[in-house]
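Peer 1: Below is the sequence, then the predicted model.
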Amino acid sequence: MGDVTRYRELVEGIIEEYASYKPSYGDVENETIFVPTKGHYELMTVGWHDQHRVHVCILHVDIKGGKIWIQHDGTEGGIANRLVEAGVPREDIVLAFHSPFKRRFTDFAVG
């Protein structure tokens, strides 16, 4: 199995796990959005809390150029840590939510 295929399976599995947790408020649900042919993976929370619309991106991950690009991470522990624990090398993970300038000061890939 190639790295990209393995990365897809890891990302999907982690997002599915997060999606299984029921939000603690409102009439909301978690929704996964996977477009493997384009390398896009998202976890959204959608619904209503009282009279307020809830439409929140919890996780947004792209796989491109053989690397995992974390566009947004609203989880407590961080998906990057989960990926490293699963054996993904830090140089294959881009913290895209940091500016390119700041990325060079992390232990992860610059881009």
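Peer 2: Right, received. Where do you want to start? Numbers count the residues shown, from 1 in each chain.
Peer 1: where are the low-confidence patches of this protein?
Peer 2: Using pLDDT under 70 as the threshold, the predicted model of the chain has low-confidence ranges 1.
Peer 1: Where is the longest strand in it?
Peer 2: Looking across the chain with DSSP state E, the single longest strand is strand 52-64.
Peer 1: What residues sit buried inside the longest helix along the chain?
Peer 2: In the chain, with assignment by DSSP state H, the single longest helix is helix 3-19. For helix 3-19, the neighbour count (16 or more other Cβ atoms under 10 Å) marks 4, 7-8, 10-11, 14-15, 18-19 as buried. C-beta coordinates here come from the backbone N, C-alpha and C atoms, glycine included.
Peer 1: returning to what we had before: what packs against the longest strand of the chain?
Peer 2: In this structure, strand 52-64 makes packing contacts with helix 3-19, strand 40-49, strand 67-73, judged by 3 or more Cβ pairs under 8 Å, 6 or more residues apart in numbering; DSSP states H and E.
Peer 1: mind checking which of those is nearest residue 90?
Peer 2: Residue 90 lies closest, by Cβ to Cβ, to one member of these: strand 67-73, at 10.5 Å.
Peer 1: still on that earlier bit, just put the helices and strands packed on strand 52-64 in TSV and tack on distance to residue 104.
Peer 2: As requested, these are exported to TSV (distance: least, Cβ to Cβ, whole Å):
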stretch	distance to residue 104
helix 3-19	22
strand 40-49	25
strand 67-73	15
